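>>> Pasting the sequence and the predicted coordinates here, then a few questions.
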Amino acid sequence: MAPTDLLPALPWLAPFAGLSALFWALISYGMTVPVTYGLGYPLGAAMGLYMASRSIWRGGRRVDWRARVHGSGHGSEPDGRTAQKRS
């Protein structure tokens, strides 16, 4: 899906994003935290959508993290031996 495919949705997106930001601003006000936290909600939601979309796009690639390999099976190294924890 190309970004230009989303252009027809923009007229609907703005009012709902505005209502959502207003809702969270009121919640923030009720919790006595700065109202700008609630107004930043659409940005946070967009970032969450970006991260989820990027994760889905990456698919099942292997991820090497903290001396372990994730996504390649059952916690094994590329050469087949079991990953060991570092102390």
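Now that the structure is in, tell me what you want to look at.
>>> what does the helix of greatest length in the chain contact?
The helix spanning the most residues in the chain, taking DSSP state H as the definition, is helix 10-30. Residues outside helix 10-30 that contact it (CB atoms under 8 Å, 6 or more residues apart in numbering): 34, 35, 36, 37, 38, 39, 41, 42, 45. For glycine as for every other residue, the C-beta is placed from the backbone atoms N, C-alpha and C.
>>> try 6 Å this time
35, 37, 38, 39, 41, 42 (CB atoms under 6 Å, 6 or more residues apart in numbering).
>>> Can you name the residues that contact the fifth one?
The reference is to residue 41. Contacts of residue 41 (CB under 6 Å, 6+ apart): 21, 24.
>>> that older thread, buried stuff in the longest helix of the chain?
By neighbour count on 16 or more other CB atoms under 10 Å, the buried set for helix 10-30 is 21, 24, 25, 28.
>>> try stretch 42-60
For stretch 42-60, the neighbour count (16+ other CB under 10 Å) marks residue 42 as buried.
>>> Quick one: mean pLDDT for that stretch?
Average pLDDT, stretch 42-60: 83.
>>> right, and the helix or strand after the longest helix of the chain?
Using DSSP states H and E, the helix or strand that follows helix 10-30 towards the C-terminus is helix 35-39.
>>> so what secondary structure elements neighbour that following helix?
helix 10-30 (3 or more CB pairs under 6 Å, 6 or more residues apart in numbering; DSSP states H and E).
>>> now the helix it packs on: mean pLDDT?
According to the model, helix 10-30 has a mean pLDDT of 87.
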